[in-house]
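Visitor: sequence and predicted structure, then a few things I'm wondering about:
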Amino acid sequence: MTGNQFVRRLTAVLVVVWGAATVVFIVLRVVPGSAVDQISGLYGTAEQRVETRRQLGLDHSIFYQYWLYLKGALRFDFGRSFYSGRPVTDILVDTMPVTIELAIAAGLIMLTWGILAGSTAAVFRNTKVDVGLRGLAAVFFSIPWFFSGVLLLILFTSVWKVLPGFGRLPPTMTYEPTTHFVLLDAVIQGRPELVWPWLSHILLPAAAIGLTTGGYIARITRASFLEVTSQDYIRTARSKGMTRRQLFRVHVSRNAALPIVAVAGLQVGALLGGAVVAEVVFSYPGVGKLMVDAINRRDYPVVQGAAFVVAMCYVLVNVATESSYPWLDPRLRR
Amino acid sequence: MTIEPVLSVEGLNVWFDGDVSPAHVVRDVSFEVRPGEILAIVGESGCGKSVTAMTLLGLTRSSNARFSGTVRFGEHELLSLSEPELRAVRGAGISMVFQDPLTSLNPVMTVGAQIEEMLRLHLPISRSTARRRAVEMLETVGIADADRRARQFPHEFSGGMRQRAMIAMAMSCNPPVLIADEPTTALDVTIQAQILELITSLAHDRGSAVILITHDLGVVAETADVVAVMYAGEIVELATRDDLFSAPQHPYTWGLLASIPRVDQPRTDRLPSIEGQPPSPSAVLSGCGFRDRCAFAFEACAAHPLLEERSSNRHLDRCQLPVSGREEQRRAIYP
Amino acid sequence: MGSLRGRSRILRQPVSLASFAVILVILLSSLFAGFLAPYNPAAQSADVLLAPGSPGHLLGTDNLGRDQLSRLLYGSRPLLVVSAFSVAIAVIIGLIVGLVAAYARGVAETVLMRTMDVLLSFPLVLLGIMIVAALGAGQRNLILAVTFALIPIVARLVHSLTLREASREYVTAARAVGMTPRRIMFREIVPNLIGPVVVQATSLFALAAGFASALSYLGLGIAPPASDWGLMVKEGQPFVGVALDLAVVPGVCITLLLTAVTFIGDDLRDFLDPDRRLEGGFGG
């Protein structure tokens, strides 16, 4: 990518991130019926209302508030939680990695099952296998995340009591985070006994998200494979004397991958959204659960900080995905 | 004096099973090609010429296709080869150049890599040797700055260059037979001549036989040594190029020749064309397939004519009209 | 190839019919819930708590003694209402935004489309959560939240389609004849957008419904004691040991609805957009 393009890309990203931050601000501060009344409603006297306003920084003009907010956001300083008093940033450092782990795990499940199902359906095109898989994918994709979570919960914790139903690690297990990512910490801290409990806890929520979003991936994979195999260059490659396996490995997969990557990148938003819901279903201590709890407690700084960070993650992933397109498809270079 | 043909097709039939009835797309086609010779198969769209070509390489094999006849290539009978055996023939024995070089090349692989792939499929050479030879092939077909070009992608080439690259790829293993399916149709007129020239010289230099599929009689006149005219899945006329153009025997050929605008004729309002449509491939032919569109059809045409030598040596046609009257009949259509 | 297509169409038929039937059943039962429901869905009854299915209560009762069947019948309403309204409003606003952006070009376009990008930079659920956080829970705000999430999707689609259409020959021809831009937009371009937008609307409906039910599950939608399928799943979750169906049945209903809408959407797409103009594909 040329320097000029990079600068333009960067500015676009910054604009979007700034826009996201502004939206968060607008929605949570400026909208009528906002913070003060909701919180001050709990208190009584006028003096306490004034005090609350000062605490919230609401005694300044809206533009100054905005300025403060932006300054804080740049330093990732979102104030302190109303509920616990802890700096929001610290809370986020504890919870963000959890959600990221979950999203990655879900993404892996999504890609594995989606691509396998889609490519199998394409290979057995128009047979019962194909129709069956497509139907399955459509149904899976239509199951709302929370319901797939509930179903899995029922199945694996009630009917077959195999897996735990809540939390990230067993409550009896101690865990002093270094990187806040369990797998990494297991290596760094030399505690392999962390791995299986962690896995058994993350499996259900990740599956809840991954199996459903994977349905869409399966569809796209199938369509992409079918399109590629009908292309002329496949005919040329066959006329050169390639085996089916070689054809597949060299020509089909490279070309079929392009739309799949594009869609997978878009699905990250769904993964993050799904993670939010799944965390509530499984009481998984990530950012999603954090936000929902914070909303119910009217803990606005937390909601604000969390919303901003999640949005930023999403933007970054989108940028990364879009940047990969020219690398995958030479026609888009230069 | 007769050199052994490198490829000989006898009584080739191809059927595709359809919804209602099978389509008899190639009907009893026979021809042969000799080393260094260029055979042009001419006909309008849908006459079965492309299917014939692809069948030689076994590219039409599928669950709803049926074949009969023989295709002899060296000691092999191609129609009865297994898929692995066919794969050895493809590219190394018989290779093919397709019509649209843009879609026929993989857009995400470099041109050089695709030629290397062909080489390494059939020759036990290392990657660096293959890379070198790929560049050499690109030079041979007249692409300048071949080393840099080999590392580029198909969309960075112009149309003519892409076709040259395809030809380079097809010829890289020195196959005795090259099939070119409408190689110039997708190209500018100015480039067409260059590509034809390239194909011809490559064939002569390396002694490869060329089967050139086209619907353009101009191309045939330029390039071919032998011409087969196909209509509704059958060969209706087979002759040397000179014989075909100087003394065409079949009314369909006359119609084809007549429909080319000529500089030395007075300009008229309409180009002559052949009325009607070719019979559908699922139709069962009773008698001559061209009967319904032929100005000279008579009773004998109700019997299915065979492809035979009727007029002169090595000039076959599938028409029952008395040879003596044909010259005059021809002039009525194609002055 | 014709035989294959014919065969798969036959395979499709029962599915399409079934989907259509499902949607019809849900719509009708929702509409006529008042006639069909044996009980008032909010009516609690202390003597039949968590009862299994019986002649009196076909699908049993929940932990507050409310009749499940009645709750199910009424419970589709919030979902359908929210989804329908959101999609309708989002389509209208998105259409306008997309058209204006595509035709105005320049600064207006950049501003509008960048705003759409910003809105799209939030995972849907997040946007919904934020809006509900600010405005409070409830059906009206739920509609707002869902609409906001959907608008950028429509706007983006309309924008790119309009741009593509505007470069086509029939538009140039219209300009050559002297049509004003607005006339061109409405007379020529919009009719060509209807098809893709309608197809998109069905998948938007599925999206909206999934989204709305998720927010309901989180407690951010219509408040209890109202009946809402998403809410019912949440309310039933603590009782899965005793009465599985309380949580499962509403969830299955939601799934059925979404599956049916998806299949119908597919058929609609095959019918209206056989050339796949909507799916721009990659690199083109």
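Guide: Arrived safely.

Visitor: quick one, helices of the stretch 51-200 of chain A?
Guide: A:62-74, A:88-123, A:128-142, A:145-153, A:182-188, A:195-229 (DSSP state H, counting those that start in this stretch).

Visitor: does anything pack onto the third one? Which helices or strands?
Guide: So that's helix A:128-142. helix A:88-123, helix A:195-229, helix C:2-31, helix C:245-272 (3 or more Cβ pairs under 8 Å, 6 or more residues apart in numbering or on different chains; DSSP states H and E). All C-beta spots, glycine's among them, are computed from the backbone N, C-alpha and C.

Visitor: count of residues packed around residue 151?
Guide: All of this refers to chain A. Using other Cβ atoms under 10 Å in any protein chain shown, A:L151 has 20 other residues around it.

Visitor: my bad, chain C
Guide: C:I151 has 25 nearby residues by other Cβ under 10 Å.

Visitor: please list all residues in contact with it.
Guide: By Cβ atoms under 8 Å, 6 or more residues apart in numbering or on different chains, C:I151 lies in contact with C:90, C:93-94, C:97, C:116, C:119.

Visitor: picking that back up, deepest in the core, which of the helices of the stretch 51-200 of chain A is it.
Guide: A comparison of those by mean neighbour count, using mean count of other Cβ atoms under 10 Å in any protein chain shown, puts helix A:145-153 on top with a mean of 26.

Visitor: near chain A, which residues of the stretch 101-250 of chain C are found?
Guide: With Cβ under 8 Å from any Cβ of the partner chain as the criterion, the stretch 101-250 of chain C meets chain A at residues C:114-115, C:117-126, C:129-136, C:206, C:210, C:213-214, C:217-220, C:230, C:233-234, C:237, C:240-241, C:244, C:247-248.

Visitor: just the buried ones from these?
Guide: C:115, C:117-126, C:129-135, C:206, C:210, C:213-214, C:217-220, C:230, C:233-234, C:237, C:240, C:247-248 (16 or more other Cβ atoms under 10 Å in any protein chain shown).

Visitor: ok, now which ones touch the nearest residue to A:L70 once chain neighbours are set aside?
Guide: Nearest residue to A:L70, sequence neighbours excluded (Cβ to Cβ, 6 or more residues apart in numbering or on different chains): A:A21, at 6.7 Å. Listed by Cβ under 8 Å, 6+ apart, the contact set of A:A21 reads A:69-70, A:73, A:308, A:311.

Visitor: nearest to chain B, of those?
Guide: A:A311 (33.2 Å; Cβ to the nearest Cβ).

Visitor: how about that closest one: what's its closest non-neighbour residue?
Guide: Excluding the flanking residues, the one nearest A:A311 by Cβ to Cβ, 6+ apart is A:A20, at 4.1 Å.

Visitor: which strand or helix spans that neighbour?
Guide: helix A:3-25 (DSSP states H and E).

Visitor: got the angle for that helix vs helix A:62-74?
Guide: Here the directions of helix A:3-25 and helix A:62-74 differ by 120 degrees (axes from the mean of the first three to the mean of the last three Cα atoms, to 10 degrees).

Visitor: so what's the gap between helix A:3-25 and the chain middle?
Guide: 20 Å (Cα atoms, centre = their mean, to the nearest Å).

Visitor: show me what counts as buried in it.
Guide: Result for helix A:3-25 [16+ other Cβ under 10 Å]: buried residues A:13, A:16-17, A:19-21, A:23-25.

Visitor: can you redo the residues you listed as JSON lines with pLDDT and distance to A:R86?
Guide: What follows is these, written out as JSON lines (pLDDT from 0 to 100; distance: Cβ to Cβ, whole Å):
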{"residue": "A:V13", "pLDDT": "77", "distance to A:R86": "30"}
{"residue": "A:V16", "pLDDT": "76", "distance to A:R86": "29"}
{"residue": "A:V17", "pLDDT": "78", "distance to A:R86": "25"}
{"residue": "A:G19", "pLDDT": "80", "distance to A:R86": "28"}
{"residue": "A:A20", "pLDDT": "77", "distance to A:R86": "24"}
{"residue": "A:A21", "pLDDT": "78", "distance to A:R86": "22"}
{"residue": "A:V23", "pLDDT": "77", "distance to A:R86": "25"}
{"residue": "A:V24", "pLDDT": "76", "distance to A:R86": "20"}
{"residue": "A:F25", "pLDDT": "76", "distance to A:R86": "22"}
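
Visitor: tell me the bridge partners for C:T61.
Guide: Beta-bridge pairing of C:T61 under DSSP bridges involves C:D67.

Visitor: okay, now it: neighbour count?
Guide: C:T61 - counted by other Cβ under 10 Å - has 27 other residues nearby.

Visitor: is it in contact with C:A51, as I believe?
Guide: Yes: judged on Cβ atoms under 8 Å, C:T61 makes contact with C:A51 at a distance of 4.7 Å.

Visitor: contact residues of chain B facing chain A?
Guide: B:57, B:59, B:84, B:86-92, B:95-96, B:98, B:100, B:103-109, B:117-118, B:121-122, B:153, B:155, B:166, B:169.

Visitor: cross these against helices and list the overlap.
Guide: B:84, B:86-89, B:103-104, B:117-118, B:121-122, B:166, B:169 (DSSP state H).

Visitor: counting contacts, what elements does the longest helix anywhere in chain B pack onto?
Guide: Determined from DSSP H, the single longest helix within chain B is helix B:189-206. Contact analysis of helix B:189-206 by 3+ Cβ pairs under 8 Å, 6+ apart lists strand B:38-42, helix B:159-171, strand B:177-181, strand B:209-214, helix B:217-223 as its packing neighbours.

Visitor: quick one: the ones you listed as a markdown table, columns for mean pLDDT too.
Guide: Conversion of the helices and strands packed on helix B:189-206 to a markdown table gives the following (pLDDT from 0 to 100):
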| stretch | mean pLDDT |
| --- | --- |
| strand B:38-42 | 93 |
| helix B:159-171 | 92 |
| strand B:177-181 | 93 |
| strand B:209-214 | 93 |
| helix B:217-223 | 87 |
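
Visitor: using a markdown table, lay out the ones you listed together with mean neighbour count.
Guide: Putting those into a markdown table (neighbours: other Cβ atoms under 10 Å in any protein chain shown) gives the following:
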| stretch | mean neighbour count |
| --- | --- |
| strand B:38-42 | 25 |
| helix B:159-171 | 25 |
| strand B:177-181 | 25 |
| strand B:209-214 | 25 |
| helix B:217-223 | 19 |
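
Visitor: burial of the closest residue to C:S70 other than its chain neighbours, as a residue count?
Guide: Nearest in space to C:S70, with sequence neighbours left out and distances taken as Cβ to Cβ, 6+ apart, is C:A37 at 3.8 Å. Using other Cβ under 10 Å as the criterion, C:A37 is surrounded by 18 other residues.

Visitor: C:A37 against C:G75, yeah?
Guide: No: here C:A37 does not reach C:G75: they are 10.3 Å apart, not a contact under Cβ under 8 Å.

Visitor: just the pLDDT for the most centrally placed residue in chain C.
Guide: Residue closest to the mean C-alpha point of chain C, counted by Cα atoms, centre = their mean, is C:F205 at 1.8 Å. C:F205 is assigned a pLDDT of 91 by the prediction.

Visitor: which residues touch it?
Guide: Counted by Cβ under 8 Å, 6+ apart, C:F205 has contacts C:83-84, C:87, C:261.
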